[in-house]
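> Coordinates for the following, if possible.
(one chain, ligands or ions: 2)
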Amino acid sequence: MTDRPDASLARTIARRDFIRKAASGTVIAAMGGGLYALSDHLTAEAKAQERADGRPRVPPGQRVITALKPMGGQPGDPSRSNATIKIHGEVENPLSLDFRELLAMDVVDTRADVHCVTGWTMLDARWKGVRVKDLAEKAGLKRTARHVIFEAAHGYTANVRLDEGIADDVMVVWEHDGRPLRRPHGAPLRALVPDLYFWKSSKWLTGIRFTRRDEPGYWETRGYNNHADPWKEERYA
Ligand SMILES: Nc1nc2c(c(=O)[nH]1)N[C@H]1C(S)=C(S)[C@@H](COP(=O)(O)O)O[C@H]1N2
Ligand SMILES: [Mo]
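Ligands and ions are numbered 1, 2, ... in the order given. Modelled structure (predicted):
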């Protein structure tokens, strides 16, 4: 095996994998340019589960996928040493934190399910990072703040209502499943807003801006729902 199989070998491997997964009751779907494995077994199993908040584990219209898929976007600089994240807007003390300063905060290692609007759900993904709530507190969030804008490289933004943006499980993360985020998944830093469709989780995160007024972001101004609650299937505007 070489590190970089050529395209035909990659196709052969993908095909073998396809046959193996098909035989085991798992289907592969092509979406967003890539192949990925949807598991009917896992979907059925998880559909019977309930979350602590009483909602079903799998939101309506979703199927369970076995590994996080890179869904694209325009990457920023992946290096940790160049990374800074601005906490600004409706705060008393705007901050610009580098990677070391993030590591010095209360670092959380947790699990969260994520739900992509294209129909896949990834269960139990592991994430390491800091809570947005803690960042907001450190910067001195003003009472005038009503919305959170997750700002990313090349002008990508995603808007989240303040109460949902500073919920306990909303984070800035740099590790997924025990490894540094890979570049397609937003290295070095991405937002994680697990209970809204995954487009709200800006990759290549550069800032968190608190605002008085709502500011629909990249997908929200392109036909997608402003709120994006997977349990209400708020997919489109
Ligand atoms: N900066 C940035 N962040 C982004 C996007 C993007 O295009 N640019 N795409 C979003 C969408 S539509 C999804 S589904 C998730 C996908 O994350 P993943 O590629 O790690 O699966 O990232 C979100 N974050
Ligand atoms: Mo997406």
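> for the chain, what spans make up the strands?
Along the chain, counting by DSSP state E, strands occupy 26-31, 34-39, 63-65, 84-89, 95-98, 108-115, 120-131, 147-152, 157-161, 171-176, 179-180, 190-192, 205-211.
> of all those, which lies closest to ligand 1?
Shortest distance between ligand 1 and the strands of the chain, using C-beta to the nearest ligand atom, is found for strand 147-152: 3.4 Å. C-beta: built from backbone N, CA, C; applies to glycine.
> list the helices and strands the closest one packs on?
Applying 3 or more C-beta pairs under 8 Å, 6 or more residues apart in numbering; DSSP states H and E, one finds that strand 147-152 makes contact with strand 157-161, helix 162-165, strand 205-211.
> possible to save those as TSV with distance to residue 138, mean pLDDT and mean neighbour count?
Shown next, in TSV, are these (distance: least, C-beta to C-beta, whole Å; pLDDT from 0 to 100; neighbours: other C-beta atoms under 10 Å):
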stretch	distance to residue 138	mean pLDDT	mean neighbour count
strand 157-161	19	98	23
helix 162-165	15	98	17
strand 205-211	11	99	22
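> one step back: got CSV for the strands of the chain, with distance to ligand 2 too?
Shown next, in CSV, are the strands of the chain (distance: least, C-beta to the ion, whole Å):
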stretch, distance to ligand 2
strand 26-31, 10
strand 34-39, 12
strand 63-65, 13
strand 84-89, 22
strand 95-98, 27
strand 108-115, 10
strand 120-131, 9
strand 147-152, 14
strand 157-161, 11
strand 171-176, 16
strand 179-180, 22
strand 190-192, 13
strand 205-211, 16
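> what would the ones you listed look like in TSV with distance to residue 57?
Listed next are the strands of the chain as TSV, based on distance: least, C-beta to C-beta, whole Å:
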stretch	distance to residue 57
strand 26-31	19
strand 34-39	14
strand 63-65	9
strand 84-89	31
strand 95-98	34
strand 108-115	7
strand 120-131	7
strand 147-152	25
strand 157-161	22
strand 171-176	20
strand 179-180	25
strand 190-192	18
strand 205-211	27
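> related to what we said a few turns ago, any chance of the helices and strands packed on strand 147-152 in CSV, plus distance to residue 84?
Putting the helices and strands packed on strand 147-152 into CSV (distance: least, C-beta to C-beta, whole Å) gives the following:
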stretch, distance to residue 84
strand 157-161, 17
helix 162-165, 20
strand 205-211, 8
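> circling back to that earlier point, averaging pLDDT over each of the strands of the chain, which comes out lowest?
Mean pLDDT per stretch puts strand 26-31 lowest among those, at a mean of 44.
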